[in-house]
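Q: Turn this into a model:
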Amino acid sequence: MTEPLWHTVHTYELTPTARDGIRAFLDTAFEGGFSDDDWDHTLGGIHTYARDDSGLLAHGSVVQRRVIHAHRSYRVGYVEGVAVRADRRREGLGDRVMTALEGVVDGAYAFGALSASDTGAALYAARGWQVWQGQIGVQGLSGVVPLPDEEGSTYVRGAAGRPLPSPSRKLIFDWRDGDVL
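A: Next comes the predicted model:
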C-alpha cells in the first residue's frame with residue numbers, strides 16, 4: 001500500500017477528470033444517497049482529497065454560506081461531501097480531511113457548520129464540533145422555513161478561537177436548491 005497523496009484545491013482547479021472522479025466516489029461512498037443537489041452544494045469552495053495507486057480514498061470540501069443569527073449575517077465555512085472509502089475507514093483519513101478543512105474555516109470564516117450523518121457524527125464530535133442546541137431554518141423563496149429535521153444533526157465549530165453565536169436564537173441559512181421548495 002502506497003502512502004496517499006493529498007491535494008487541497010479550489011473547485012476551479014479540479015480537472016474534469018478529477019471532478020468526475022470525486023463525484024463518482026461520493027456516489028459510491030453515500031451508497032446512492034448523494035443527489036445532484038448534494039453535489040452542487042459540494043462545489044465552489046476548497047476541496048481536500050487523498051488518492052493512492054488504488055484510486056480516491058477520502059474527500060471533503062468547505063464552501064461559503066451566509067447564516068443569519070440575531071439580526072446579523074455571518075460568513076461561515078460549511079463542510080460538505082466528507083467521505084472515506086469503505087475499505088480504508090478507521091485509518092485516520094477522515095481526521096486528515098477535517099484538519100485541512102478546519103484550517104480553511106479558521107482562516108476565512110466566522111465559524112464552521114455542517115450537517116452530520118449518523119455515521120459521521122462521531123468524527124465531528126471527537127474533533128470538538130458541537131451540536132447546535134438552537135433552532136435551524138433556511139431562507140426559502142417565501143420566507144424563513146423551519147428545518148426541524150436538521151436540529152440535532154447540525155454541528156458548529158468556532159473558528160480560530162472565536163466564540164460561537166448563542167443557541168438561544170435560531171440559525172437561518174441561505175437558500176440553495178434542494179433545501180426547501
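
Q: Any regions of the protein where pLDDT drops low?
A: Within the chain, the ranges that satisfy pLDDT under 70 run 1, 179-181.

Q: for it, what spans make up the helices?
A: According to DSSP state H, the chain carries its helices in the segments 16-29, 36-42, 93-108, 121-126.

Q: Now do the same contact list for the residue nearest the centre of the chain.
A: In the chain, the residue lying closest to the centroid (C-alpha atoms, centre = their mean) is Val79, at 1.7 Å. Listed by C-beta atoms under 8 Å, 6 or more residues apart in numbering, the contact set of Val79 reads Gly60, Ser61, Val62, Met98, Leu101, Val105, Gly112, Ala113, Leu114. C-betas here are computed from N, CA, C, even on glycine.

Q: out of the helices of the chain, nearest to Pro163?
A: Evaluated over the helices of the chain, closeness to Pro163 peaks at helix 93-108, with 13.7 Å, by C-beta to C-beta.

Q: May I see the buried residues of that closest one?
A: Buried positions in helix 93-108, judged by neighbour count with 16 or more other C-beta atoms under 10 Å: Leu93, Gly94, Arg96, Val97, Met98, Ala100, Leu101, Glu102, Val104, Val105, Asp106, Ala108.

Q: In contact with the third one, which residues?
A: Right, the one you point to is Arg96. Residues near Arg96 by C-beta under 8 Å, 6+ apart: Trp6, Thr48, Ala50, Ala58.

Q: Over to the fourth one?
A: Applying C-beta under 8 Å, 6+ apart, one finds that Val97 lies in contact with Thr48, Tyr49, Ala50, Ala58, His59, Gly60, Val82, Val84.

Q: How many residues are close by the residue lying closest to it once chain neighbours are set aside?
A: Nearest non-adjacent residue to Val97, counting by C-beta to C-beta, 6 or more residues apart in numbering: Gly60, 4.1 Å away. Close neighbours of Gly60, defined as other C-beta atoms under 10 Å, add up to 23.

Q: Alright, that wraps it up for me.
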